[in-house]
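*Asks:* need a structure here:
(4 chains)
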There are 2 protein chains.
Amino acid sequence: MSKCLSCSQAGKGAFCKFGPQSRAFLQSNSLKTDYVRGSSLFREGDRSNAIFLVCSGKVKVSATSREGRVMILRIAQAGDVLGMSAALTQGDYEVTAEALEPCSVLVLPTKHLMTMLQNFGDASLAAANVLAEDYRAAFDEARLISLPSSPAGRVARLILDWAQDAKSRSNTFITMSMTHEELASMTATTRETITRTLGRLRKDKIIETHGVVLKVLQPQALERLCAC
Amino acid sequence: MSKCLSCSQAGKGAFCKFGPQSRAFLQSNSLKTDYVRGSSLFREGDRSNAIFLVCSGKVKVSATSREGRVMILRIAQAGDVLGMSAALTQGDYEVTAEALEPCSVLVLPTKHLMTMLQNFGDASLAAANVLAEDYRAAFDEARLISLPSSPAGRVARLILDWAQDAKSRSNTFITMSMTHEELASMTATTRETITRTLGRLRKDKIIETHGVVLKVLQPQALERLCAC
DNA sequence: TCGATCGGGTGATGGCCATCACATAAATCG
DNA sequence: CGATTTATGTGATGGCCATCACCCGATCGA
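*Replies:* Next up, the predicted model:
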């Protein structure tokens, strides 16, 4: 299996599986850029001019209200592509992408993206897959927020999603390297509620935490809490 | 300008602007189907086997929790395409699509969709645009629910979105043909809260309603309420 | 025409959680 | 190492809203 252009790993991302032609095109028309922790790849409202292929590091994708309330949509990792929707519709970025750790990113300007999509079939298929993933992420977020009736339920839902994710990597532990503040932004609640909810789950022996490691003791209890 | 295959209007949907070849392919491989009010085009969890091009009528797109809590993602109309994401990823439908009025729909089986995407460039571009729209709808929904801190704020946000939409059609009125129950499902709140919130907005002379017609008197007041 | 159903309006109540305030722990940095 | 920032924990309080209960009017179907 061919390796991803720069992830230097057999990437699972849609843009990691290009054939020789599209790969060469991507390589010669994109610019590898490094971002330090805290810097922005692009910001909500900026005119879109490129797509971003994450090669290493973690990128926080979020949207902000005028009041400063933040909604975290997802955490992108190696293999993920950011800014596709805005590039295709020639509009503004609808979200802000910010490096959570030092990141290495391939930046492909929109005009080259367009050329690539027109000339290489595998590239347009990959683009469609990227969009489908973006859609799923947004849909899952909407579902996470809408369906559970209470903040506590949303936290339970989030933990269950993580557990699912961990299990898919045959891992019994969840490594949660996010602050309570960030968790609050993902579940449309406040930091204090996150602290209290996690505390209560611990007290009730439903979860167990050791530093960043989180273990679910009673999945059914979480299911009951979120009820969705 | 060529007319949409079956909308019989200069459709604005991505699939309404096909060239002669892709149009002919679509026509000969899809099945025009009518749905009565209340019937389902497809249901959440069903195996995806086709995409649906709405030619006339309105279709409610929603997701449901096990408890029966409903999240309405959007109301699709003529020109909209449903089920694209599930078809492309060969997965299950993640939402339920239900006819709100008698609907006429073109049903294109997934295998023919795939053939079409591989053979016609304009079709794959259109598919990408459909996905981008789906993404925006889900994102907007997540944003609507996440960012305003209170149910009342979300209702205000929803009305503002409608006003925006109406203004883009140079219309000073909003025609709101949805029940309070449905509004509640769109804003993650309850019917009673919708009734009370609208009542209060009326009392405060912020909005005015006459039957299904709604008029915004003080947009700034709504902005202040939702604060996003 | 008359139930039956549905959409809408309203009161009472109680719990949850947002907000404010402050205290501690941990990490970062000079 | 001290000092400052960041992350977390916790109490008190009050308001909003989910829930339950009921009523009314309109619409629909037989």
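*Asks:* rest of the way, CA atoms for contacts and neighbours
*Replies:* OK.
*Asks:* Return the residues of chain A in contact with chain B.
*Replies:* For chain A, the residues in contact with chain B (C-alpha under 8 Å from any C-alpha of the partner chain) are A:63-67, A:69-71, A:85, A:88-89, A:118, A:121, A:124, A:127-129, A:131-132, A:134-136, A:138-139, A:141-143, A:145-147, A:149, A:187-188, A:227-228.
*Asks:* Let's see which of those residues end up in strands.
*Replies:* Among those, the residues falling in strands (DSSP state E) are A:63, A:64, A:70, A:71.
*Asks:* what residue ranges in chain A score low on pLDDT?
*Replies:* Under the criterion pLDDT under 70, the flagged ranges of chain A are A:1-11, A:227-228.
*Asks:* can you map out the helices along it?
*Replies:* Under the criterion DSSP state H, chain A contains helices at A:20-29, A:84-88, A:110-119, A:121-146, A:151-168, A:180-187, A:191-203, A:219-226.
*Asks:* So which bits of the fifth one are buried?
*Replies:* Buried residues in helix A:151-168, counted by 16 or more other C-alpha atoms under 10 Å in any protein chain shown: A:151, A:152, A:153, A:154, A:155, A:156, A:157, A:158, A:159, A:160, A:162, A:163.
*Asks:* Next, work out how far apart the residue nearest to the last one when sequence neighbours are not counted and residue A:144 are.
*Replies:* This means residue A:163. By the measure of C-alpha to C-alpha, 6 or more residues apart in numbering or on different chains, the closest residue to residue A:163 outside its immediate chain neighbours is residue A:174, 6.5 Å from it. According to C-alpha to C-alpha, to the nearest Å, residue A:174 and residue A:144 sit 19 Å apart.
*Asks:* do residue A:158 as well
*Replies:* Computed with C-alpha to C-alpha, the distance linking residue A:158 and residue A:144 is 7 Å.
*Asks:* Need the overlap of contacts for those two.
*Replies:* Between them, residue A:158 and residue A:144 share these contacting residues under C-alpha atoms under 8 Å, 6 or more residues apart in numbering or on different chains: residue A:187.
*Asks:* how many neighbours does residue A:210 have?
*Replies:* Burial of residue A:210 is recorded as 8 neighbouring residues (other C-alpha atoms under 10 Å in any protein chain shown).
*Asks:* Please apply the same query to the one 4 residues further on.
*Replies:* Look at residue A:214: counted by other C-alpha under 10 Å, it has 19 neighbours.
*Asks:* got it, and residue A:212?
*Replies:* Neighbours of residue A:212 using other C-alpha under 10 Å come to 12.
*Asks:* try residue A:220
*Replies:* By the criterion of other C-alpha under 10 Å, residue A:220 has 11 neighbours.
*Asks:* what does residue A:126 give?
*Replies:* By other C-alpha under 10 Å, 18 other residues sit near residue A:126.
*Asks:* now the one 4 residues further on
*Replies:* Residue A:130 sits with 24 neighbouring residues when counted by other C-alpha under 10 Å.
*Asks:* From residue B:166, how far out is it?
*Replies:* In this structure, residue A:130 and residue B:166 are 32 Å apart, going by C-alpha to C-alpha.
*Asks:* Over to residue A:119?
*Replies:* As judged by C-alpha to C-alpha, residue A:119 and residue B:166 stand 39 Å apart.
*Asks:* how about the residues of chain A near DNA strand C?
*Replies:* Within chain A, the positions near DNA strand C by C-alpha under 7 Å from any atom of the strand are A:150, A:151, A:152, A:153, A:188, A:189, A:190, A:192, A:193.
*Asks:* just curious, which of those is nearest to residue A:18?
*Replies:* Distances from the residues of chain A next to DNA strand C to residue A:18 were compared by C-alpha to C-alpha; the smallest belongs to residue A:188, at 37.7 Å.
*Asks:* What is the burial count for the closest residue to that closest one other than its chain neighbours?
*Replies:* When the adjacent residues along the chain are set aside, residue A:188 lies closest to residue B:146, with 5.4 Å between them (C-alpha to C-alpha, 6+ apart). As a burial measure, residue B:146 scores 29 neighbours (other C-alpha under 10 Å).
*Asks:* same deal with residue A:89?
*Replies:* Residue A:89 has 14 neighbouring residues, counting by other C-alpha under 10 Å.
*Asks:* Now do the same contact list for it.
*Replies:* B:129, B:132.
*Asks:* Report the separation between it and residue B:133.
*Replies:* Summarising the geometry, the distance separating residue A:89 from residue B:133, computed by C-alpha to C-alpha, is 9 Å.
*Asks:* With residue A:77 instead?
*Replies:* With distances defined as C-alpha to C-alpha, the gap from residue A:77 to residue B:133 amounts to 24 Å.
*Asks:* How about residue A:45?
*Replies:* As judged by C-alpha to C-alpha, residue A:45 and residue B:133 stand 18 Å apart.
*Asks:* And the two? Which one has more around it.
*Replies:* Neighbours around residue A:45 and residue B:133, counted as other C-alpha under 10 Å, are more numerous at residue B:133. The numbers are 19 against 13.
*Asks:* before we move on, the earlier item: considering the residues of chain A next to DNA strand C, which is situated nearest to residue A:15?
*Replies:* Proximity to residue A:15 was ranked across those by C-alpha to C-alpha; first place goes to residue A:188, at 31.7 Å.
*Asks:* Thanks again, I'm all set now.
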